[in-house]
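Novice: got a predicted model here, sequence first, then my questions.
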There are 2 protein chains.
Amino acid sequence: MLVNGEQRDTIAIMDRGFQYGDGLFETIEVRENTPIFLEQHLQRLNVDSQRLYLPKLDLDLLHSEIQQICKNAGNSVLKIIITRGSGGRGYRQPDVIQPTRILSLHPFPDYPKSFYTDGIVTRLCETRLGLNPTLAGMKHLNRLEQIMARAEWNNSEIHEGIMLDFDRHVIEGTMTNLFYAKDGELFTALLKNCGIAGILRGWIFEQINVIEHNFFLDDLREADEIFVCNSIMGICGVRQIEQQHLKIGEITQKLQVALQVIKSQLFIQ
Amino acid sequence: MLVNGEQRDTIAIMDRGFQYGDGLFETIEVRENTPIFLEQHLQRLNVDSQRLYLPKLDLDLLHSEIQQICKNAGNSVLKIIITRGSGGRGYRQPDVIQPTRILSLHPFPDYPKSFYTDGIVTRLCETRLGLNPTLAGMKHLNRLEQIMARAEWNNSEIHEGIMLDFDRHVIEGTMTNLFYAKDGELFTALLKNCGIAGILRGWIFEQINVIEHNFFLDDLREADEIFVCNSIMGICGVRQIEQQHLKIGEITQKLQVALQVIKSQLFIQ
């Protein structure tokens, strides 16, 4: 782990990341020492930093530290955390903000092949996502909603939980974005009031026409195909939501192939 | 600072309090080495721990550490943080949760006397509180809303910002609960969708009949008196909200006196 460029595994208790969740994070796939979609991740970090009134990121410095930590990373997960740094007690931010940046490597999860060929099993979470346009879309450090939702089940045969918001709109998985296809068209949730605008979600928007809208469980029940995605898991068809069974559809498979192609191209360059 | 009983000023980066804001805190006035309303603070911590599926608090241990840290604390602020402890990457909580508990002392803020005699100046925040019944009322570590609101002004002549929720209900200050009186009756916000159920708010409920309801800015504009409160600041009349001027009213003054009385009684026992 690198904390502001130094090897450490601790952080100051007075860091506002710890005191208030006052910061952002990114979770990046590293394949053969190469961070995938790095520019997109750093761009989101940059945009969200501005939304949180954090100082401008030093992208050169971040790039050089990422290169350093990924040199022998093999296949793993790179997590970047940016916080507002240390400050006194109280919500008021310090007059001079010295952000803390933390880079850490984690083992790449061992997802079974069946996740991609047969799809995953999901449940509906009782925990709802709160409505907050100010924070919607950001991958910030206030993640109690996801933790409460993920704490609802302990059965390893259920791979993901689907979350609604308090308006009953279907939004996303606890750790993934969710898409569904109906009559050849692809849909996903508007992230106006909640949810995280994932990097892979953004990449899918560049591949195919996606309709962002508010939708409900009934729309999922009539869907031809459903898939979830995130930067680590990639794209996984959903084969089951509670008692509803689905097949892995054509759009899901096409996007899975396209993602494999673009990832392999990264190594040809 | 005491971290799980040891003197330290750092915390593991993998602590879920830092990774996700996965925990709770209390901010307690210490006067002449004595924590004020300690039982109420610990009871809230206990109740909110259950809401977050945290393990049962070891209250005996907490009491003994609080006694230890407050021995020579004089007049100061005691902050207690409880987190879900360290765990792997991902929202899923570890199978065995070993919470982290942190006790720290901070200088007592130097509030001018005029805060209590003449009242404070407030503004209306543009940042709204999100709607989330699952988390409403708790003093948890996900505090980005308050930070965004408190970052709206830097003028030291404004002492507090008043926050509305996304339904336009007036809820509270960035760091205080808010009450208003009209025709001899006292009102405060329902904290069903957002807000923090403060200890002093609870104490006021025990002193006088309070009507919890949803209210709007128009209700504040017609109020006879308005005050805010928290465990550190006590009870402060509001003498100004934007362009609206108010006098410190009778109910405010009576509660201020009652609070002084109960605090002084703590030292007679």
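Specialist: All right, it came through fine. Residues are numbered from 1 along each chain as shown, chains lettered A, B, ... in the order given.
Novice: please make it C-alpha for all contacts and neighbour counts, starting now.
Specialist: Fine.
Novice: give me the pLDDT for whatever residue of the stretch 151-269 of chain A ends up closest to chain B.
Specialist: Taking CA to the nearest CA, chain B has its nearest neighbour within the stretch 151-269 of chain A at residue A:151, 6.3 Å off. On the pLDDT scale, residue A:151 is placed at 96.
Novice: where in chain A is pLDDT low?
Specialist: Along chain A, segments meeting pLDDT under 70 span A:268-269.
Novice: mind checking the SS state of the nearest residue to residue A:160 once chain neighbours are set aside?
Specialist: Ranked by CA to CA, 6 or more residues apart in numbering or on different chains and with sequence neighbours excluded, the top spatial neighbour of residue A:160 is residue A:122, at 4.8 Å. Following DSSP: H, G, I helix; E, B strand; the rest coil, we place residue A:122 in the strand state.
Novice: so what's residue A:122 up against?
Specialist: A:158, A:159, A:160, A:161, A:162, A:238, A:239, A:240, A:241, A:242 (CA atoms under 8 Å, 6 or more residues apart in numbering or on different chains).
Novice: so what's the residue of the stretch 151-269 of chain A closest to chain B up against?
Specialist: Listed by CA under 8 Å, 6+ apart, the contact partners of residue A:151 are B:92, B:93.
Novice: give the burial count for the nearest residue to residue A:92 once chain neighbours are set aside, as a bare number.
Specialist: Of all residues not flanking residue A:92 in the chain, residue B:150 sits nearest, at 5.5 Å (CA to CA, 6+ apart). Number of residues near residue B:150 (other CA atoms under 10 Å in any protein chain shown) recorded here: 22.
Novice: was I right about residue B:150 contacting residue B:161?
Specialist: Yes. Contact criterion CA atoms under 8 Å: residue B:150 and residue B:161 qualify, at 7.1 Å.
Novice: who are the contact partners of the residue nearest to residue A:76 when sequence neighbours are not counted?
Specialist: What sits nearest to residue A:76 in space, not counting adjacent residues and going by CA to CA, 6+ apart, is residue A:108, at 4.3 Å. Residue A:108 is in contact with A:29, A:75, A:76, A:77, A:232, counting by CA under 8 Å, 6+ apart.
Novice: rerun that using 7 Å as the cut-off
Specialist: A:75, A:76, A:77 (CA atoms under 7 Å, 6 or more residues apart in numbering or on different chains).
Novice: adding secondary structure and neighbour count, write these out as JSON lines.
Specialist: Converted to JSON lines, the contacts of residue A:108 look like this (DSSP: H, G, I helix; E, B strand; the rest coil; neighbours: other CA atoms under 10 Å in any protein chain shown):
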{"residue": "A:75", "secondary structure": "coil", "neighbour count": "19"}
{"residue": "A:76", "secondary structure": "strand", "neighbour count": "22"}
{"residue": "A:77", "secondary structure": "strand", "neighbour count": "23"}
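Novice: can you put these in CSV and add distance to residue B:169?
Specialist: Output for the contacts of residue A:108, formatted as CSV (distance: CA to CA, whole Å):
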residue, distance to residue B:169
A:75, 49
A:76, 46
A:77, 42
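Novice: of all these, which comes closest to chain B?
Specialist: Distance to chain B, by CA to the nearest CA, is smallest for residue A:77 among the contacts of residue A:108, at 9.5 Å.
Novice: rewinding a little: the residue nearest to residue A:76 and residue A:119, how far apart?
Specialist: Here the distance between residue A:108 and residue A:119 works out to 19 Å (CA to CA, to the nearest Å).
Novice: same question, residue A:194
Specialist: Residue A:194 is 26 Å from residue A:119, by CA to CA.
Novice: equivalent analysis for residue A:224, please.
Specialist: From residue A:224 to residue A:119 the distance is 14 Å (CA to CA).
Novice: same question, residue A:70
Specialist: 30 Å.
Novice: now do residue A:242
Specialist: 14 Å.
Novice: neighbour-wise, which of the two wins?
Specialist: A direct count of neighbours by other CA under 10 Å for residue A:242 and residue A:119 places residue A:119 higher, at 22 against 12.
Novice: check contacts around that one.
Specialist: A:236, A:237, A:238, A:239, A:248.
Novice: cool, residue A:77 as well?
Specialist: Applying CA under 7 Å, 6+ apart, the residues near residue A:77 are A:27, A:28, A:29, A:30, A:105, A:106, A:107, A:108.
Novice: including secondary structure, could those residues go into CSV?
Specialist: Output for the contacts of residue A:77, formatted as CSV (three-state DSSP):
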residue, secondary structure
A:27, strand
A:28, strand
A:29, strand
A:30, strand
A:105, strand
A:106, strand
A:107, strand
A:108, coil
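Novice: can you redo the residues you listed as a markdown table with distance to residue B:37?
Specialist: What follows is the contacts of residue A:77, written out as a markdown table (distance: CA to CA, whole Å):
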| residue | distance to residue B:37 |
| --- | --- |
| A:27 | 42 |
| A:28 | 46 |
| A:29 | 48 |
| A:30 | 50 |
| A:105 | 44 |
| A:106 | 43 |
| A:107 | 46 |
| A:108 | 47 |
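Novice: which among those count as buried?
Specialist: A:27, A:28, A:29, A:30, A:105, A:106, A:108 (16 or more other CA atoms under 10 Å in any protein chain shown).
Novice: residue A:66 and residue B:92, how far apart?
Specialist: When CA to CA is applied, the distance between residue A:66 and residue B:92 equals 26 Å.
Novice: whoops, I mixed them up, residue A:222
Specialist: 30 Å.
Novice: who has more neighbours, those two?
Specialist: Remark: of residue A:222 and residue B:92, residue B:92 carries more neighbours, 18 against 12, as counted by other CA under 10 Å.
Novice: what segments of the stretch 151-269 of chain A are strands?
Specialist: A:160-164, A:170-173, A:177-182, A:185-189, A:210-213, A:225-230, A:234-241, A:244-245 (DSSP state E, counting those that start in this stretch).
Novice: could I get these as CSV with mean neighbour count and distance to residue B:48?
Specialist: As requested, these are exported to CSV (neighbours: other CA atoms under 10 Å in any protein chain shown; distance: least, CA to CA, whole Å):
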stretch, mean neighbour count, distance to residue B:48
strand A:160-164, 24, 22
strand A:170-173, 26, 25
strand A:177-182, 23, 29
strand A:185-189, 20, 31
strand A:210-213, 16, 35
strand A:225-230, 24, 31
strand A:234-241, 23, 31
strand A:244-245, 12, 35
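Novice: just send those strands back as JSON lines, with distance to residue B:145 too.
Specialist: As requested, the strands of the stretch 151-269 of chain A are exported to JSON lines (distance: least, CA to CA, whole Å):
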{"stretch": "strand A:160-164", "distance to residue B:145": "21"}
{"stretch": "strand A:170-173", "distance to residue B:145": "21"}
{"stretch": "strand A:177-182", "distance to residue B:145": "23"}
{"stretch": "strand A:185-189", "distance to residue B:145": "23"}
{"stretch": "strand A:210-213", "distance to residue B:145": "26"}
{"stretch": "strand A:225-230", "distance to residue B:145": "26"}
{"stretch": "strand A:234-241", "distance to residue B:145": "31"}
{"stretch": "strand A:244-245", "distance to residue B:145": "37"}
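Novice: residue B:168 is nearest to which of those?
Specialist: strand A:160-164 (22.5 Å; CA to CA).
Novice: just checking: what are the partner strands of the closest one?
Specialist: When pairing is defined by DSSP bridges, strand A:160-164 lines up against strand A:120-124 (parallel), strand A:170-173 (antiparallel).
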